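Peer 1: test case, fold it:
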Amino acid sequence: MSRIRPALIAAALLAGAGAGSVATPAFAQTQSSTPTTNAGTKLNFASNLGGATFERSVNYAAPPANNPGLGMSYFYSTPKRLAITVQVFDLGRRVPAGSDNPTVIAQFNSELASAEQQFKYAGYTAFQKPSVPSTCAYGAVTFRCVTYSGVTQANSRIYSKLMLTGFRDHFIKIRIDWAQSHQQTAADADAVLQSFVPALMR
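Peer 2: Here you go, the predicted model:
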């Protein structure tokens, strides 16, 4: 990579947030550059999903984290340089299906609070998020979701859309990141998700 993009800086920092408030830097974990099928959910993380290209995966169950409850994270990028992270985890329990049960709602709130802290840790300011999360559907799957943003030290606003649902006894967390400085928009992110999510969760 010839230069570090703001959206990918956010992705690297926030990927380390893990599930809830557990911070495990992605670069310190066991990584793989080979696409794979997730053992717990049987989701196939192929080399290309809906036009997004697989970059790497991180296994939090392996050393040094040794935390199976945090599962796996999978990283993708798009031709327009948007970054997608998918985390499949269960925190050591069975997760009810869907986006509107108390387990998923509580975890979503924890994820959002952790994201805000990670933005502040990265030195971003002017954190913004809606007062109430919404639901969003891609294909046949409905997620609890919210878009939040912050301003970098270079005075550019970066955005993340966070989505969470229960699927095959696991949490599925998807986050897509984009940057104002690259003329990327929420419409671009939504178009990516409309292709990516159905290709993954079929």
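Peer 1: where does residue 115 sit: helix, strand or coil?
Peer 2: Here residue 115 is recorded as helix under DSSP: H, G, I helix; E, B strand; the rest coil.
Peer 1: start the count at 38, not 1, going forward
Peer 2: Renumbered: residue one is now 38, and that last one reads residue 152.
Peer 1: distance of it relative to residue 201?
Peer 2: Using CB to CB, to the nearest Å, residue 152 is found at 11 Å from residue 201. Every residue, glycine included, has its C-beta placed from N, CA and C.
Peer 1: same question, residue 170
Peer 2: Going from residue 170 to residue 201 by CB to CB gives 9 Å.
Peer 1: circling back to that earlier point, neighbour count: residue 152 and residue 201, which is higher?
Peer 2: Between residue 152 and residue 201, residue 201 has the larger neighbour count (other CB atoms under 10 Å), namely 27 against 22.
Peer 1: got a list of what the residue lying closest to that one once chain neighbours are set aside touches?
Peer 2: Leaving aside its chain neighbours, residue 201 sits nearest to residue 145 (4.6 Å; criterion: CB to CB, 6 or more residues apart in numbering). When contacts are counted by CB atoms under 8 Å, 6 or more residues apart in numbering, residue 145 touches 170, 181, 199, 201.
Peer 1: any chance of JSON lines for these, columns secondary structure and distance to residue 103?
Peer 2: Listed next are the contacts of residue 145 as JSON lines, based on DSSP: H, G, I helix; E, B strand; the rest coil; distance: CB to CB, whole Å:
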{"residue": "170", "secondary structure": "coil", "distance to residue 103": "32"}
{"residue": "181", "secondary structure": "strand", "distance to residue 103": "29"}
{"residue": "199", "secondary structure": "strand", "distance to residue 103": "26"}
{"residue": "201", "secondary structure": "strand", "distance to residue 103": "24"}
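Peer 1: in terms of helices and strands, where is the one residue sitting closest to the centre of the chain?
Peer 2: The chain has residue 212 as the residue nearest its centroid, 2.9 Å off, counting by CA atoms, centre = their mean. According to DSSP states H and E, residue 212 maps onto strand 207-216.
Peer 1: what is the rounded mean pLDDT of that strand?
Peer 2: With pLDDT averaged residue by residue, strand 207-216 scores 97.
Peer 1: between the helix or strand following it and strand 207-216, how big is the angle?
Peer 2: Following strand 207-216 in sequence order, the next helix or strand is helix 223-237 (DSSP H and E). Helix 223-237 runs at 150 degrees relative to strand 207-216, counting by axes from the mean of the first three to the mean of the last three CA atoms, to 10 degrees.
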